[in-house]
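In: Fold the following for me, if possible:
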Amino acid sequence: MEFAILLITILFVSLFQIAVPFFVKRTVVFGVTIPYEEARHPKVMHYKKLYAIITAIVSLIAITGFFIWNQDTTLGETKLVLIGSLIPFVILITGLTLYFYFHYKMTKLKKEQKWFGEIKQVRVADLEARSKDEMLASTFHLIPAVISVTLIILSMNLFDQLPNQIPTHWGPDGTPDAFTDKSWLSVLSLPIISLVFQFMFFGINLFTKQSGIKINAGNVKSSKLRQLRLRKYTSWFLFLTNILMTLLFAFLQLNLLYEDLFSGSLLLLVPFGFTAIILAGALILAIKVGSVDSDFEGKVIDDQSANSKTESVDEDKYWKGGLIYFNPNDPSIFVEKRFGIGWTLNFANPIGYFVVLVPIALILILSFSI
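Out: Sure thing, here's the model as predicted:
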């Protein structure tokens, strides 16, 4: 079962990394802003295809190697899991290395071609876009908190009945193989961590909903549709993640409170199901958002804005390496990623640190204190 989970994760990471240059916005290539009319430039397409080919080769070698290692009975389950866990990081690091190489190539190409030299740069505001925003209300993310609070109360009531050694890990047959001393922290850590996640998701959704809807002046129609899809489907994906994480933590906590409540096979199937649903949700998100205003759209939108000599303001100076956004003039806390699907922080806005980094720090402190 662990092999299947790891294999699915590796395949997903591989396919995502191979496809990522093609489902990002047309006007942002490897973190570099280009005019809409240059989206099909021969060198631009060559860089994207070369990135995909190299990433595909590395991924194929990694997956083949993982299959071979799985056949080696002398390797041991622990080492196999370790290798399977490291492979996605190898693929991600490969993609990141290639990204920076092509980011440099795109920056150089942009200067050589003198793009934006004769183009008027403007900011587009669409007052009707907000009325079409279908993001979920942030209060939805507080609903699962009822489960976490209930588990905290239940755990406190059953504390004296629990054994002195609390299981922290279960083996492939569902039998506990790692324990820690019973304490209030070890007993309540799972529902508390779940509660922290829920408030973090609430904050992310709240401030994402307040972020600006950035529309490309060179392609108003398609870029607006992409923004609306991004906001809608990421809010649903965030809520799905919240619900699934809450159920997973509740499942583990109930298994801790009531010994032998769940069978060993169920202990294996639940994490597998969690992983499968999350990856499926991420795939749907990528398709829904990445199929608009990207190479996967299959055509260049031929509207009035696409044929004009007008483009949105070039914001490359606010993106460090095309990945880290630092713009003190932008009130948005979250902005669309330049490489991938989803959102990233505006690191110039300190509120973002409290919304994301502080909860993550609390979770890590709780996890390593047990």
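
In: Not counting its neighbours along the chain, what's nearest residue 296?
Out: Using C-beta to C-beta, 6 or more residues apart in numbering and skipping the chain neighbours, the partner closest in space to residue 296 is residue 23 (5.3 Å). To be clear about C-beta, it is placed using only N, CA and C from the backbone, and glycine gets the same treatment.

In: Quick one: low-confidence residue ranges for the stretch 251-370 of the chain.
Out: Within the stretch 251-370 of the chain, the stretches with pLDDT under 70 are 263-265, 267, 298-309.

In: what about the helices in it?
Out: Along the stretch 251-370 of the chain, counting by DSSP state H, counting those that start in this stretch, helices occupy 264-290, 351-352, 358-369.

In: State the helix or strand in which residue 100 lies.
Out: helix 77-113 (DSSP states H and E).

In: next SSE after that helix?
Out: strand 120-122.

In: Which of the helices of the stretch 251-370 of the chain sits closest to residue 89?
Out: Smallest distance to residue 89 across the helices of the stretch 251-370 of the chain (C-beta to C-beta): 16.4 Å, for helix 264-290.

In: for the closest one, which positions count as buried?
Out: Using 16 or more other C-beta atoms under 10 Å as the burial criterion, the residues of helix 264-290 that qualify are 267-268, 270-271, 274-275, 278-279, 281-282, 285-286, 288-290.

In: mind checking how far that helix is from the chain centre?
Out: 13 Å (C-alpha atoms, centre = their mean, to the nearest Å).

In: per the record, what domains does this structure have?
Out: The chain breaks down into these domains under automatic domain parsing: 1-114, 125-370.

In: With distance to residue 68 added, can I get the helices of the stretch 251-370 of the chain in JSON lines?
Out: JSON lines is the format used below for the helices of the stretch 251-370 of the chain (distance: least, C-beta to C-beta, whole Å):
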{"stretch": "helix 264-290", "distance to residue 68": "23"}
{"stretch": "helix 351-352", "distance to residue 68": "44"}
{"stretch": "helix 358-369", "distance to residue 68": "34"}
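
In: Out of the ones you listed, the one nearest residue 186 is which?
Out: Nearest of those to residue 186, taken as C-beta to C-beta: helix 358-369 at 8.9 Å.

In: returning to what we had before: state the distance from the residue nearest to residue 296 to residue 294.
Out: As judged by C-beta to C-beta, to the nearest Å, residue 23 and residue 294 stand 5 Å apart.

In: can you give me the strands for the stretch 101-250 of the chain?
Out: Secondary structure of the stretch 101-250 of the chain (DSSP state E, counting those that start in this stretch): strands located at 120-122, 165-170, 176-181.

In: which of the ones you listed sits most buried?
Out: Stretch with highest mean neighbour count among those: strand 165-170 (a mean of 15; mean count of other C-beta atoms under 10 Å).

In: Spatially central residue (nearest the centroid) of this structure, please.
Out: Centroid-nearest residue in the chain, with C-alpha atoms, centre = their mean: residue 342, separated by 6.4 Å.

In: mind listing what that one touches?
Out: By C-beta atoms under 8 Å, 6 or more residues apart in numbering, residue 342 lies in contact with 230, 234, 285, 336.

In: could those be laid out in a markdown table, adding distance to residue 178?
Out: As requested, these are exported to a markdown table (distance: C-beta to C-beta, whole Å):
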| residue | distance to residue 178 |
| --- | --- |
| 230 | 40 |
| 234 | 35 |
| 285 | 34 |
| 336 | 41 |
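
In: Most neighbours among those residues, please name it.
Out: Neighbour counts for the contacts of residue 342, by other C-beta atoms under 10 Å, peak at residue 230, which reaches 25 neighbours.

In: How about that residue, nearest residue that isn't a chain neighbour?
Out: Going by C-beta to C-beta, 6+ apart, residue 230 has residue 289 as its nearest residue, at 4.9 Å.

In: Also residue 332?
Out: Spatial nearest neighbour of residue 332, chain neighbours left out: residue 211 (3.9 Å); criterion: C-beta to C-beta, 6+ apart.

In: what do you get for residue 286?
Out: The spatially closest residue to residue 286, leaving aside those adjacent along the chain, is residue 341, at 5.0 Å (C-beta to C-beta, 6+ apart).

In: can you tell me which residues contact the one you found?
Out: 23, 24, 230, 285, 286, 289, 290 are the contacts of residue 341 under C-beta under 8 Å, 6+ apart.

In: Could you verify my assumption that the first one touches residue 283?
Out: No - Residue 23 lies out of contact with residue 283 (C-beta atoms under 8 Å); the separation is 11.4 Å.

In: So what does residue 30 look like in phi/psi?
Out: phi 50, psi 40 (degrees, to the nearest 10).

In: who's in contact with it?
Out: Contacts of residue 30 were listed using C-beta under 8 Å, 6+ apart, and they are 21, 47, 51, 99, 102, 103, 105, 106, 322, 339.

In: Separate out the buried members of these.
Out: 21, 47, 51, 99, 102, 103, 105, 106, 322, 339.

In: Which pair of these spans the longest distance?
Out: Spanning the widest gap among the buried ones among the contacts of residue 30 are 105 and 339, at 14.3 Å by C-beta to C-beta.

In: can you list the contacts of residue 30 in JSON lines and add distance to residue 251?
Out: Below are those laid out as JSON lines (distance: C-beta to C-beta, whole Å):
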{"residue": "21", "distance to residue 251": "38"}
{"residue": "47", "distance to residue 251": "45"}
{"residue": "51", "distance to residue 251": "40"}
{"residue": "99", "distance to residue 251": "37"}
{"residue": "102", "distance to residue 251": "43"}
{"residue": "103", "distance to residue 251": "42"}
{"residue": "105", "distance to residue 251": "48"}
{"residue": "106", "distance to residue 251": "46"}
{"residue": "322", "distance to residue 251": "40"}
{"residue": "339", "distance to residue 251": "35"}
